[in-house]
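S.K.: quick check, what structure comes out for this input:
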Amino acid sequence: MKRVITYGTFDLLHYGHINLLRRAKALGDYLVVALSTDEFNWNEKRKKCYFSYEQRKALLEAIRYVDLVIPEENWEQKRTDVKEYHIDTFVMGDDWEGKFDFLKEQGVEVVYLPRTPEISTTQIKSDLHK
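M.R.: The predicted structure follows:
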C-alpha cells in the first residue's frame, strides 16, 4: 500500500482544497492529512481560524479522499510523521516548492502540486471583507 501525507489548515474548506486532496489521493492508496491545530496556527503561523480544529477535522473526515486526519502541532514533526505513518509520498501545494525536499533524505518522494489559481482562503476572506 502506497501512503501519502499532506499538511494544512483547511479553514473555510473550498474546491481548491478538494482538488489538492483528490490529486494527493491519486498518488497513492491511503491519504493522511496533518491538520494544523488552533494553537499551532496562532502561535507559529499567526493565523486565526474561523472553524475550530475539531470542526475542520470533521469536515476533512467527511471527504472520501481522506483516510486519516492527525494533528499538526509543530513544524518539525514532518520528519517523525513520515516515519511513524510509513509515508511514501509527501504532498504540498507548489507555493511551498523546495521547502520540504529534506524529506527525500528519508526515502520519501516529495511532490508539489499546482494550486487551484482562482481560489484561496485568503481570497475568500478578502472578498468577504469588501
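S.K.: gap between the helix or strand encompassing residue 123 and the chain center?
M.R.: Secondary-structure element containing residue 123, defined by DSSP states H and E: helix 121-129. Put simply, helix 121-129 sits 20 Å off its chain's centre (C-alpha atoms, centre = their mean, to the nearest Å).
S.K.: how about residues contacting it?
M.R.: Defining contact as C-beta atoms under 8 Å, 6 or more residues apart in numbering, one finds that helix 121-129 is touched by 9, 11-12, 14. For the C-beta atoms, the positions are set from N, CA and C on the backbone; glycine is no exception.
S.K.: low-confidence ranges, this protein, go.
M.R.: 127 (pLDDT under 70).
S.K.: can you name the residues in contact with the lengthiest helix in it?
M.R.: Assignment by DSSP state H gives helix 15-25 as the longest helix of the chain. Applying C-beta under 8 Å, 6+ apart, the external contacts of helix 15-25 come out as 4, 6, 8, 10, 31, 33, 60, 63, 65-66, 91, 93, 113, 115-116, 119-120.
S.K.: next, count neighbours for the nearest residue to residue 51 once chain neighbours are set aside.
M.R.: Spatial nearest neighbour of residue 51, chain neighbours left out: residue 11 (5.7 Å); criterion: C-beta to C-beta, 6 or more residues apart in numbering. By the criterion of other C-beta atoms under 10 Å, residue 11 has 24 neighbours.
S.K.: what's the answer for residue 124, then?
M.R.: Neighbours of residue 124 (other C-beta under 10 Å): 15.
S.K.: now do it against residue 38, distance only.
M.R.: According to C-beta to C-beta, to the nearest Å, residue 124 stands 19 Å off from residue 38.
S.K.: now stretch 120-128 - C-alpha only, PDB.
M.R.: Extracted in PDB, the C-alpha atoms of stretch 120-128 (Å, rounded to 0.1, in the frame of the first residue of the first chain):
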ATOM      1  CA  SER A 120      -7.700  30.600  -1.800                       C
ATOM      2  CA  THR A 121      -8.900  31.000   1.800                       C
ATOM      3  CA  THR A 122      -7.100  34.400   1.900                       C
ATOM      4  CA  GLN A 123      -9.000  35.400  -1.200                       C
ATOM      5  CA  ILE A 124     -12.300  34.300   0.300                       C
ATOM      6  CA  LYS A 125     -11.600  36.300   3.500                       C
ATOM      7  CA  SER A 126     -10.600  39.400   1.400                       C
ATOM      8  CA  ASP A 127     -13.800  39.200  -0.700                       C
ATOM      9  CA  LEU A 128     -16.000  38.800   2.400                       C
END
